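1. Next comes the sequence, and after it the predicted model I'd like to discuss.
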Amino acid sequence: MCGRFALTQAPIVVEEHFAASGVDAFPPRYNIAPTQPIMVVGPAPTREAGSNLPLRHAFLVRWGFIPGWVKDVKQFPMLINARSETAAEKASFRAAMRHRRVLIPASGFYEWRKLPGKRTQPYWIRPRHGGVFAFGGLIETYSEPGGSEIDTGAILTTAATGELAAIHDRAPVVVMPEDYTRWLDCITQEPRDVSDIMRPIQPDFFEAIPVSDKVNKVANVGPDLQDKVAEPPVTPRASVKRDDQLSLF
């Protein structure tokens, strides 16, 4: 799954990678947590064929998906992740999978490996060759009872591969650059047409770096969160089948 991530590249790097406008409003962040604003990239609102305008546009949503049919958000669990294998059928995500797929720019994410007892070891997980990349994401605009609206989002997950599988059985869906246009095309590309994009990433795409438990606190936001610490002893994890969300959804 994905419960914390970072986007640390300069805005110009993100802008060029995604061919997106609006990126300059987002400073680097080292510890992005649920309920906070996150950057998502979608198709540009208006763009004619042959135009020099950016292909895409970046904007903010709250990390924590709220389906449009929810009546009382206080009684609804926070959906920060959506299981890619079932999102197209789940009531919470079905409409967004069809109509509101987005890219979520990231430099990497954090994951915790369970150790004996109640201890955990956090890891900073990034592309082996560095750079910015994209999670597959879903968004929904929720209309509050008072009439105001809030844009919300979730990160899709899939099976972990390579060394990540020893840390956690799930990992974020990574959308490769050659698939950006097809993923964002919610007019001609139905969920079944983009299911191949949500496949597990190549086993050698990421590297996992052990880091200190300072990342556990949302208030810690400096680059030192990604400093490497001594690797703890590795104990193979048993294979676990689990769902990122309650079965109700």
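-> Looks like it arrived, so ask away. Numbers count the residues shown, from 1 in each chain.
2. in stretch 207-222, what counts as buried?
-> When burial is assessed from 16 or more other C-beta atoms under 10 Å, stretch 207-222 yields the following buried residues: Glu207, Ala208, Ile209, Pro210, Val211, Ser212, Lys214, Val215, Val221. In this view, the C-beta of every residue, glycine as well, is placed from N, C-alpha and C.
3. can you check stretch 108-128 too?
-> 108-113, 121-127.
4. Serialize the buried residues of stretch 207-222 to CSV and add fields for pLDDT, distance to Gly147 and secondary structure.
-> CSV is the format used below for those (pLDDT from 0 to 100; distance: C-beta to C-beta, whole Å; DSSP: H, G, I helix; E, B strand; the rest coil):
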residue, pLDDT, distance to Gly147, secondary structure
Glu207, 97, 47, strand
Ala208, 97, 45, strand
Ile209, 97, 46, strand
Pro210, 98, 47, strand
Val211, 98, 43, strand
Ser212, 97, 44, coil
Lys214, 97, 41, helix
Val215, 97, 38, helix
Val221, 97, 33, coil
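5. Distance to Pro191 added to the residues you listed, as CSV?
-> Output for the buried residues of stretch 207-222, formatted as CSV (distance: C-beta to C-beta, whole Å):
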residue, distance to Pro191
Glu207, 31
Ala208, 30
Ile209, 34
Pro210, 36
Val211, 35
Ser212, 40
Lys214, 39
Val215, 33
Val221, 35
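6. Just give me the closest of those to Glu15.
-> Minimum distance to Glu15 across the buried residues of stretch 207-222 is 22.3 Å, recorded for Val221 (C-beta to C-beta).
7. quick one, what contacts that closest one?
-> Arg29, Tyr30, Asn31 (C-beta atoms under 8 Å, 6 or more residues apart in numbering).
8. can you list contacts of the helix or strand encompassing the second one?
-> Applying DSSP states H and E as the criterion places Tyr30 in strand 29-32. Identification of contacts with strand 29-32 by C-beta under 8 Å, 6+ apart yields 4-8, 38, 63, 110, 215, 218, 220-223, 225-226.
9. list the buried ones in the next helix or strand after that strand?
-> Sequence order places strand 37-43 as the next helix or strand after strand 29-32, per DSSP H and E. Buried positions in strand 37-43, judged by neighbour count with 16+ other C-beta under 10 Å: Ile38, Met39, Val40, Val41, Gly42, Pro43.
10. Show me what the residue nearest the centre of the chain is bridged to.
-> The residue lying closest to the centre of the chain (C-alpha atoms, centre = their mean) is Ile155, at 3.6 Å. Counting by DSSP bridges, Ile155 is bridged to Asn81, Gly137.
11. Cool, thanks, signing off.
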